[in-house]
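1. build me a model from this:
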Amino acid sequence: MLLIDENGEKQGEMPLAAALEAAAEAGLDLVEIAGNANPPVVKILDFGKFKFQEQKKRNEARKRQKVVELKEIKLRPMIDDHDYDVKVRAMSRFFDEGDKVKVTLRFRGREMAHQHLGVDLLMRVKRDFETIAKVESEPRLEGKQMTMVMSPRT
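-> Below is the predicted model:
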């Protein structure tokens, strides 16, 4: 076995009994690092401390990751300018937080005859956000609502 001591220095190849004896002298554990290597690599270290450090690394990695959520903004074809601006501010905040936004445009009654107004509105949203967001799925009609999904540019 190839032995690495507690300081990280190679001690060379030796039999298992000699490696166990060296670990006992140091008052630490003998841990197999690479069992598939030829020869197998073992290291002298404090196993409890080693497991604790690994757990800390995993927790730190989980803390740093960002879960991307899908937020939804609902619009109507005949939305007023001020209401549109409120929705745009909300969408900007979502993009700043790194979330995707699903823009849903709901048609009611006779509005279904004027679907071009809905397409125009979604194109306006697309134009307003072309610098900070990209369209993930183009506007498409699903029953009485038209949807478009946008995600922030990275």
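2. give me the domain ranges for the chain.
-> Using automatic domain parsing, the domain parsing of the chain gives 2-64, 70-152.
3. least confident of these, on average?
-> The stretch with the lowest mean pLDDT among those is domain 2-64, at a mean of 87.
4. between the two ends of it, what distance do you get?
-> Its start and end residues considered, domain 2-64 measures 36 Å (Cα to Cα, to the nearest Å).
5. quick one: that domain to chain centroid distance?
-> How far domain 2-64 lies from its chain's middle: 32 Å, per Cα atoms, centre = their mean, to the nearest Å.
6. check which residues of the lengthiest strand in the chain are buried.
-> Longest strand of the chain, by residue count under DSSP state E: strand 133-142. Judged by neighbour count using 16 or more other Cβ atoms under 10 Å, the buried positions of strand 133-142 are 133, 135, 139. Glycine gets a C-beta too; all of them are placed from N, C-alpha and C.
7. where exactly do the strands run in the protein?
-> According to DSSP E, the strands that the chain contains are 2-4, 10-13, 29-34, 41-45, 70-75, 100-106, 133-142, 145-152.
8. so what does the helix ranked longest in the chain touch, helix or strand wise?
-> In terms of residue count, the longest helix belonging to the chain (DSSP state H) is helix 47-64. Under the contact criterion of 3 or more Cβ pairs under 8 Å, 6 or more residues apart in numbering; DSSP states H and E, helix 47-64 touches strand 29-34.
9. helix 47-64 and the strand it packs on, what's the angle between them?
-> 50 degrees (axes from the mean of the first three to the mean of the last three Cα atoms, to 10 degrees).
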